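# Below are the sequence and a predicted model; questions follow.
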Amino acid sequence: MVLGIVVSKVACHSGGKHCLALTNNGEMYSWGEGDDGKLGHGGTANVDTPRFVDAMKGKRVVDAECGSSHSACILDDGSLYTWGKGRYGRLGHNDYETQYKPKQVMALKGEKIVAVACGSGDAHSLAASKETVFSWGDGDYGKLGRGGNEGSKVPKRVDSLSGKGVVKLMCGSQFSIALTTKNGHIYTWGKGDYYRLGHADDSHQRLPKRVMGPLANKIVVDVACGSLHCVCCTSNGQVFTWGDNDEGQIGNDSVTPVQGPQVCE
């Protein structure tokens with residue numbers, strides 16, 4: 001509960017120190033570290049208890065995500081708002097300015113956004129409508145998924161994912177993930193060392209590539225990631241992990257990196 005209101009979602013980021021919470025009536029609260037305005041309250045002060053984001057008064061927020069230095073939310077009309085640190089163009093406002101309150105991403109006006117993801121210090125963002133994926137911000141290692149390393153201050157299409165019905169997006173450290181709802185496939189791209197992409201090698205991928213191996217004939221229903229590892233679950237209840245394992249995060253009773261999806265037993 002937040003101030004006696006039923007909470008429907010909480011968002012945080014493995015590389016950050018702030019949280020967002022949504023209520024069942026579409027209100028948004030934030031708390032934690034206030035650096036770069038990522039709490040959306042108009043300044044940079046830390047907040048040690050959940051506080052309503054006044055800039056969203058009268059709007060109904062249906063989803064929200066945290067990066068390490070910026071935040072994003074989706075309204076019930078499909079519009080996207082971002083705020084926080086603006087370096088590398090991660091906010092999508094066609095500039096590098098820090099925003100201390102939520103601001104609509106006008107390049108996506110008219111698109112009905114259904115998913116959003118925010119990166120960490122590597123400063124990129126992803127969003128998806130029903131048929132199109134967009135990326136923007138820093139482009140190092142090809143994590144924007146358009147075939148090169150060029151960054152962007154505004155959302156641009158990831159053409160190779162068009163029409164695949166992406167329902168969930170995630171940003172790890174210098175890499176990106178997409179989950180499709182039509183067939184339960186996972187695509188990853190970006191920096192490849194520590195086997196974080198799950199393609200059985202450590203090469204970088206500048207275009208989305210489907211994660212295969214034991215997932216080739218599975219229907220994936222959810223996926224999540226840390227900085228350098230990933231975990232997913234399938235329709236038959238299995239859990240698969242891959243990537244860096246220095247602290248045992250893969251769950252296989254070792255600290256050896258795993259090159260591709262491995263069932264967690």
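That came in fine, so what should we check first?

# Please make it C-alpha for all contacts and neighbour counts, starting now.
Noted.

# so how many other residues sit close to Ala216?
12 (other C-alpha atoms under 10 Å).

# For Cys264, see how far away it is.
17 Å (C-alpha to C-alpha, to the nearest Å).

# Trp189 now?
According to C-alpha to C-alpha, Trp189 and Cys264 sit 23 Å apart.

# His41 now?
From His41 to Cys264 the distance is 41 Å (C-alpha to C-alpha).

# quick one: which of those two has more around it?
Per other C-alpha under 10 Å, whichever of His41 and Cys264 has more neighbours is His41, with 21 against 16.

# host element of that one?
Using DSSP states H and E, His41 sits in no helix or strand.

# And it, how far from Val154?
Counting by C-alpha to C-alpha, the gap from His41 to Val154 is 24 Å.

# Also Ser71?
16 Å.

# between the two, who's got more neighbours?
In this view Ser71 and Val154 are compared by other C-alpha under 10 Å, and Ser71 has more residues nearby, 33 against 20.

# Wasn't that one part of a helix?
No - the assignment for Ser71, made by DSSP: H, G, I helix; E, B strand; the rest coil, is strand rather than a helix.

# so it touches Thr82, yeah?
Yes - contact criterion C-alpha atoms under 8 Å: Ser71 and Thr82 qualify, at 5.7 Å.

# Strands of the stretch 51-200 of the chain, start to end?
Secondary structure of the stretch 51-200 of the chain (DSSP state E, counting those that start in this stretch): strands at 61-66, 70-75, 80-84, 99-104, 115-118, 124-128, 133-137, 152-157, 166-171, 175-180, 186-190.

# Partner strands of the fifth one, with direction?
The one in question is strand 115-118. Within its sheet, strand 115-118 is paired with strand 124-128 (antiparallel), according to DSSP bridges.

# Would you mind measuring from Val220 to Lys156?
Using C-alpha to C-alpha, we find Val220 at a distance of 26 Å from Lys156.
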